[in-house]
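Asks: what would the 3D arrangement of this be:
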Amino acid sequence: MVECILDNADDASADEIAEMFGLPVDAVRRILAFEEEARLQRAMQARLGAVRGIFIKAQSNLMRQLRALPRDRSAARKRGGDHPPT
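Replies: A predicted model of the protein is given here:
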């Protein structure tokens with residue numbers, strides 16, 4: 001029954017759907033509202049996944065660039081490590 005209500009949601013109002021199936025209008029409105037909420041949640045999750053993917057790719061690119069930079073060994077010498085050859 002819910003599938004039938006959702007199938008008609010694009011072409012008919014809640015009042016018309018309720019009349020088609022002999023249901024209370026409030027029940028049809030709740031079903032349609034629940035489906036809309038679920039649709040919005042799915043869309044938000046998809047966008048969030050895309051944003052996470054972009055962030056991970058940017059982080060990976062940054063790490064690759066940082067590894068390619070020459071290392072500054074002067075800071076290590078000041079700490080007493082990485083002694084220069086004698």
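Asks: just checking, what packs against the helix or strand containing Leu66?
Replies: With elements delineated by DSSP states H and E, Leu66 resides in helix 25-68, which encompasses its position. Under the contact criterion of 3 or more CB pairs under 8 Å, 6 or more residues apart in numbering; DSSP states H and E, the helices and strands touching helix 25-68 comprise helix 2-7, helix 14-21. C-beta here means a position set from N, CA and C on the backbone, and glycine is covered the same way.
Asks: mean confidence (pLDDT) on it, please.
Replies: Summarised as a single mean, pLDDT over helix 25-68 is 90.
Asks: next one: Met1 from Val28, what distance?
Replies: The spacing between Met1 and Val28, counted by CB to CB, to the nearest Å, is 10 Å.
Asks: now the common contact residues for those two.
Replies: Any residue near both Met1 and Val28 by CB atoms under 8 Å, 6 or more residues apart in numbering counts here, and that gives Phe21.
Asks: re earlier: now the helix holding Leu66 against helix 14-21, angle please.
Replies: If you take axes from the mean of the first three to the mean of the last three CA atoms, to 10 degrees, helix 25-68 sits at 120 degrees to helix 14-21.
Asks: phi, psi of Asn8?
Replies: Backbone torsions of Asn8, given as degrees, to the nearest 10, read phi -90, psi 0.
Asks: burial count for the nearest residue to it once chain neighbours are set aside?
Replies: The shortest distance from Asn8 to any residue that is not its chain neighbour, by CB to CB, 6 or more residues apart in numbering, is 5.1 Å, and that residue is Ile17. Residue crowding around Ile17 was assessed by other CB atoms under 10 Å; the count is 23.
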